[in-house]
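Asker: here are the coordinates; sequence isn't available:
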Ligand SMILES: CC(=O)N[C@H]1[C@@H](OP(=O)(O)OP(=O)(O)OC[C@H]2O[C@@H](n3ccc(=O)[nH]c3=O)[C@H](O)[C@@H]2O)O[C@H](CO)[C@@H](O)[C@@H]1O
Ligand SMILES: C=C(OP(=O)(O)O)C(=O)O
């Protein structure tokens, strides 16, 4: 198993180009199953989640070809092997997004309950509720979701919570349903808007994505098309926080600053300088002394849960008391134990973490418990005194393309063993 070794204490300086969004790519790759003709996707990140999903699609009969480093072509057949293999599905959460497109286009689906990071219970009741209300029959048999349907029928679906995955699954399924589907209390994340734009590029009729009311007019079929995925706001955010934590000065290229507003606002509140360009963000933490802040994770446009762990690392050396409340995933404070091993002073009480800033962290051996916990440990390693050795790097590889190369180009001392 590989490890990341970081020699800490070098502020990040320079420019970095942000890759395409993991969460948008994963949903869109599943959505490609809906298209009768070839789909070409640009700006797809080279991360393990994407590679595994492409392998799953390949075993189901989809013809997958990389055309360039970040461009992939997919051709879904008329008939599909409807079983998504457990060995692959268990490795990524987003495999649950195969369900809606498979039922809508092929009328059958057999998808093992997804795995992924252990950040909480992550039920799928809202996905089920939505797909069943469109007419699908779903059963859970020995850890596997078995679904069958005739042509789905549009309906009104109210989501008790604005779940990203449930909104995506229902939206994709509704594109081929008969009549109109309305999703109320829909999630508003930028990745939802990107998926809707992709579906519309295939000829679908999705309106209202980005608001809490999405309307979909179903069609008998969707054609192919070419589409470019949005930049990854969480990768971008991770570099912003790494720049702040190391008291560095970094320019991010290929970003949509608006998507990062919830994070930029909090960093400014913490005395970090953030300037937004058209598709760039410049972040500077060299001039002012950072100050403590409070954070609550919320659905978009609230502060993203996927940036919470990285902020915890940063705040662990910011003078004063910071408070983080995690409202989305109950196990996302597990990283606090590893940060404490590096000298951080963090108390966790249920969904609240209280962080007393310490002057510095010390490098040691630590273990990633999930993707963003891994990113948080990389940030801690970059700012710590001495050497940090991070294991369970496979979690980090789920979501960060060329992480070592990008950090090295910014002056970090990081290598993989
Ligand atoms: C591949 C992908 O896009 N992953 C993202 C997606 O995950 P994911 O789509 O799994 O997250 P959801 O928005 O569905 O989950 C949010 C909350 O809703 C709950 N819930 C969800 C579904 C359901 O049927 N019932 C239910 O109770 C979850 O337990 C959680 O507490 O959105 C999360 C929240 O922004 C991000 O952290 C993940 O990076
Ligand atoms: C939780 C995440 O992803 P997933 O939903 O794929 O586990 C994440 O990206 O932080």
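Answerer: Sure, I can see it. These figures come from a predicted structure and were not determined experimentally. Numbers count the residues shown, from 1 in each chain. Ligands and ions are numbered 1, 2, ... in the order given.

Asker: What backbone torsions are found at residue 189?
Answerer: For residue 189, the backbone dihedrals (degrees, to the nearest 10) come out as phi -60, psi 150.

Asker: In contact with it, which residues are there?
Answerer: 23, 164, 299, 300 (Cβ atoms under 8 Å, 6 or more residues apart in numbering). For glycine as for every other residue, the C-beta is placed from the backbone atoms N, C-alpha and C.

Asker: State the pLDDT value of the first one.
Answerer: Read that as residue 23. As summarised for this prediction, residue 23 has a pLDDT of 98.

Asker: any idea which helix or strand carries it?
Answerer: Applying DSSP states H and E as the criterion places residue 23 in helix 22-31.

Asker: quick one: is the helix or strand containing residue 199 near ligand 2?
Answerer: Following DSSP H and E, one finds residue 199 within helix 190-201. No. Among the residues of helix 190-201, none lie within reach of ligand 2 under Cβ under 6 Å from any ligand atom; the closest is 10.2 Å away.

Asker: Please list the residues of the stretch 201-350 of the chain that sit near ligand 2.
Answerer: Taking Cβ under 6 Å from any ligand atom as the criterion, the contact residues of the stretch 201-350 of the chain with ligand 2 come out as residue 306.

Asker: ok, which stretches of the stretch 201-350 of the chain are helices?
Answerer: Taking DSSP state H, counting those that start in this stretch, the helices of the stretch 201-350 of the chain run over residues 233-245, 261-269, 308-315, 335-341.

Asker: Redo those helices as JSON lines? Include mean neighbour count.
Answerer: Written out in JSON lines, the entries for those read as follows (neighbours: other Cβ atoms under 10 Å):
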{"stretch": "helix 233-245", "mean neighbour count": "27"}
{"stretch": "helix 261-269", "mean neighbour count": "17"}
{"stretch": "helix 308-315", "mean neighbour count": "29"}
{"stretch": "helix 335-341", "mean neighbour count": "21"}
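
Asker: Turn these into a markdown table, including mean pLDDT and distance to ligand 1.
Answerer: What follows is those, written out as a markdown table (pLDDT from 0 to 100; distance: least, Cβ to the nearest ligand atom, whole Å):
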| stretch | mean pLDDT | distance to ligand 1 |
| --- | --- | --- |
| helix 233-245 | 98 | 7 |
| helix 261-269 | 98 | 12 |
| helix 308-315 | 98 | 9 |
| helix 335-341 | 98 | 14 |
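
Asker: re earlier: buried ones in the helix holding residue 199?
Answerer: 190, 191, 192, 193, 194, 195, 196, 197, 198, 199, 200, 201 (16 or more other Cβ atoms under 10 Å).

Asker: Could you double-check that the first one sits in contact with residue 304?
Answerer: No. Taking contacts as Cβ atoms under 8 Å, residue 190 lies outside contact range of residue 304: 10.1 Å.

Asker: anything in contact with each of the two?
Answerer: Counting by Cβ under 8 Å, 6+ apart, the contacts common to residue 190 and residue 304 are residue 233.

Asker: Disregarding residues adjacent in the polypeptide, which is nearest to residue 204?
Answerer: residue 175 (4.3 Å; Cβ to Cβ, 6 or more residues apart in numbering).

Asker: Next, the contact list for that neighbour, please.
Answerer: The contact partners of residue 175, by Cβ under 8 Å, 6+ apart, come to 34, 104, 199, 204, 205, 206, 216, 218, 219, 222.

Asker: So which residues of the stretch 251-400 of the chain form strands?
Answerer: Taking DSSP state E, counting those that start in this stretch as the test, the strands found in the stretch 251-400 of the chain are 273-276, 280-284, 294-296, 321-325, 345-349, 352-356, 365-367, 387-391.

Asker: export these to TSV and tack on distance to residue 147?
Answerer: Shown next, in TSV, are the strands of the stretch 251-400 of the chain (distance: least, Cβ to Cβ, whole Å):
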stretch	distance to residue 147
strand 273-276	43
strand 280-284	42
strand 294-296	36
strand 321-325	36
strand 345-349	39
strand 352-356	39
strand 365-367	37
strand 387-391	38
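
Asker: and the residue of the stretch 151-300 of the chain nearest ligand 1?
Answerer: residue 165 (2.8 Å; Cβ to the nearest ligand atom).

Asker: Tell me the first helix or strand C-terminal of whatever helix or strand that residue lives in.
Answerer: Of the helices and strands defined by DSSP H and E, residue 165 is found in helix 164-174. Proceeding N to C from helix 164-174, the next assigned helix or strand is strand 180-184, under DSSP H and E.

Asker: how many degrees apart are that following strand and helix 164-174 in direction?
Answerer: Using axes from the mean of the first three to the mean of the last three Cα atoms, to 10 degrees, one finds that strand 180-184 and helix 164-174 are set 170 degrees apart in direction.

Asker: strands paired with strand 180-184, and their directions?
Answerer: In its sheet, strand 180-184 lies beside strand 156-158 (parallel), strand 213-217 (antiparallel), with partners assigned from DSSP bridges.
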